[in-house]
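1. When you get a sec, could you give me coordinates for this:
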Amino acid sequence: MAWTDERVELLKKLWAEGLSASQIAGRLGGVTRNAVIGKVHRLGLSGRATSSRSSAPRRGAITRHGKIERRRLSARRGNVALKRLTRRNTIRRPAPVEELVIPLHERATILTLKESMCRWPIGDPTEEEFHFCGRKKDGTVPYCEHHARMAYQPVQARRREKRFASG
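-> Numbers count the residues shown, from 1 in each chain. Prediction:
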């Protein structure tokens, strides 16, 4: 499909009226929404008329007592991810796992670390006191039982924490 002068003029007219790219593509026929967007961009069209949608907020439902129910309306409006947490939808986080106190003789450095030892790093690697847990590890997991619980959390708990971390 070629962009004839008549079709370009119709595109400009429909764009100025505030129709969406999909609506314009439907009216023109034989052209996709993306083709309309591309042509609008190449023509440098802007200054659209406002759409028929109202910017005024919708009113809530009227209850039996004649009052407008706004609570349900506010829950639907806006970005749900940015919604403030209320008492009802806060999550209870598990108590933080306390760090083990590793006796000096069990601590391992990179030079003394063996395959059967826990590889959980403790401290800042740039500091002299940095060490690895060094306790006996479980099977194929690189950590002791305590550190494996910290490292491998259930998927649901991780997703929930991510969701509410920015909240």
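
2. CA only for contacts and neighbour counts going forward, please
-> Noted.

3. Buried ones in stretch 107-124, by neighbour count?
-> Arg107, Ala108, Leu113, Ser116, Met117, Cys118, Arg119, Trp120, Pro121, Ile122 (16 or more other CA atoms under 10 Å).

4. which of the residues you listed sit farthest apart?
-> Ser116 and Ile122 (17.4 Å; CA to CA).

5. Show me the shaky parts of the chain.
-> When residues are selected by pLDDT under 70, those of the chain lie in 1, 47-98, 156-167.

6. what comes up buried for stretch 21-41?
-> Buried, per 16+ other CA under 10 Å, within stretch 21-41: Ala21, Ser22, Ile24, Ala25, Leu28, Val31, Val36, Ile37, Val40.

7. Quick one: the helices in the chain, in order.
-> Secondary structure of the chain by DSSP state H: the helices cover 5-16, 21-28, 33-43, 71-76, 145-151, 155-165.

8. Ser22 contacts Val31, correct?
-> No. In this structure Ser22 lies outside contact range of Val31 using CA atoms under 8 Å: 9.6 Å.

9. So this structure: which segments form each domain?
-> Domain assignment for the chain, taken from automatic domain parsing, gives 5-43, 80-86+97-167.

10. Need the distance between the two termini of the first one.
-> So that's domain 5-43. End-to-end span of domain 5-43 (CA to CA, to the nearest Å): 12 Å.

11. any idea how far the residue lying closest to Thr32 once chain neighbours are set aside lies from Gly123?
-> With CA to CA, 6 or more residues apart in numbering as the criterion, Thr32 has its nearest non-adjacent residue at 5.6 Å, and that residue is Ala25. Ala25 sits 61 Å away from Gly123, going by CA to CA.

12. repeat for Pro142
-> Taken as CA to CA, the span from Pro142 to Gly123 is 18 Å.

13. what do you get for Pro154?
-> 25 Å.

14. Please apply the same query to Leu100.
-> Distance from Leu100 to Gly123, by CA to CA: 12 Å.

15. Repeat that for Glu115.
-> Taking CA to CA, one finds Glu115 at 21 Å from Gly123.

16. just Leu111 next, same as before
-> Distance from Leu111 to Gly123, by CA to CA: 16 Å.

17. Glu106 too?
-> Taken as CA to CA, the span from Glu106 to Gly123 is 15 Å.

18. likewise His146?
-> Taking CA to CA, one finds His146 at 17 Å from Gly123.
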